[in-house]
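Engineer: predicted model follows, preceded by the sequence.
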Amino acid sequence: MNREEFAASIDHTVLGPETTWDDTRTVLDEAAAHGMNACIPPCYVAEAANYENAPEAIATVVGFPHGQHAPEVKRDEAVTAWEAGADEVDIVINVGRLKAGDDGAVADELADVVAAVPVPVKVIIETALLDDAEKRRACEAAVAADADMVKTSTGFADGGATLADVELMSEYLPVKASGGVGSYEEATAMLDAGAVRIGASSGVAIAEGHPEADGETRSAD
């Protein structure tokens, strides 16, 4: 994967509870400079969409970080984000309903969001809170909802992306590996395991770790 393709697979992320517009603008500038996407809080999407140095794609989150919003709130949040200029939406599943066996409710609320917005929807299943059987059921709900991608983590639960989880999830949909990915080597391991996207606050370090990041042109690896 050449440098441009690699950078385009990274969602450079800032989603902490103290995130300011200045923090967000820094991430937008870094993402644009390195050819990455940006994943930012929903409250800054409109400003980001109108920012003169916005990157190619802006993603935001819905039902974040715990997924316990009412289904109609998640739908409205997704629509608001899209209308404000979000190019992609990352929605957290209701982990409690999944664990209780109410997979239909999980799939229904995801399908409602997918149907409400004409942009890609990534489903965050929060792998650190699930056993393998639950991870498979979460992925099945995402497939049933016609989601575009499944994502490992919010970064707010203990634990993040693992190679085993990426391999499991990639049996169902394209995977965004997010949580604890901090280097080029870790990112490429996730991509080799089946991920197609990396979510990380360390996007700059990851992108600059690519062998072509010095500007030299080499054949794709």
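Structural biologist: It's in. Numbering: from 1, shown residues only.

Engineer: okay, helices next: where are they in the protein?
Structural biologist: Ranges of helices within the chain are 3-8, 21-34, 45-49, 71-84, 95-99, 103-116, 132-144, 163-169, 184-193, 203-208, based on DSSP state H.

Engineer: could I get the ones you listed as CSV with mean neighbour count and mean pLDDT?
Structural biologist: Backbone N, C-alpha and C define where each C-beta goes, glycine included. Putting the helices of the chain into CSV (neighbours: other CB atoms under 10 Å; pLDDT from 0 to 100) gives the following:
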stretch, mean neighbour count, mean pLDDT
helix 3-8, 19, 96
helix 21-34, 18, 98
helix 45-49, 18, 98
helix 71-84, 18, 98
helix 95-99, 18, 98
helix 103-116, 19, 98
helix 132-144, 19, 98
helix 163-169, 20, 98
helix 184-193, 19, 98
helix 203-208, 21, 97
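
Engineer: how about those, which one is nearest T152?
Structural biologist: Checking the helices of the chain against T152 by CB to CB gives helix 163-169 as the closest, at 5.6 Å.

Engineer: by contact count, what packs against that closest one?
Structural biologist: Here helix 163-169 touches helix 132-144, strand 175-178, helix 184-193, going by 3 or more CB pairs under 8 Å, 6 or more residues apart in numbering; DSSP states H and E.

Engineer: for V166, which of the ones you listed is the nearest?
Structural biologist: Once those are compared by CB to CB, helix 184-193 is nearest, at 4.3 Å.

Engineer: quick one: distance of the closest one to the chain centre.
Structural biologist: Its chain's average C-alpha position is 16 Å from that of helix 184-193, according to CA atoms, centre = their mean, to the nearest Å.

Engineer: likewise for stretch 85-96?
Structural biologist: Distance, centroid of stretch 85-96 to centroid of chain: 8 Å (CA atoms, centre = their mean).

Engineer: ends of that stretch, what's the gap?
Structural biologist: Stretch 85-96 stretches 30 Å from its first residue to its last (CA to CA, to the nearest Å).

Engineer: for that stretch, buried residues please.
Structural biologist: 85-95 (16 or more other CB atoms under 10 Å).

Engineer: quick check: closest non-adjacent residue to R25.
Structural biologist: Spatial nearest neighbour of R25, excluding adjacent residues (CB to CB, 6 or more residues apart in numbering): Y51 at 6.8 Å.

Engineer: same question, A128
Structural biologist: G159 (3.4 Å).

Engineer: and what of V166?
Structural biologist: A193 (4.3 Å).

Engineer: for V61, same thing?
Structural biologist: Nearest in space to V61, with sequence neighbours left out and distances taken as CB to CB, 6+ apart, is D90 at 4.9 Å.
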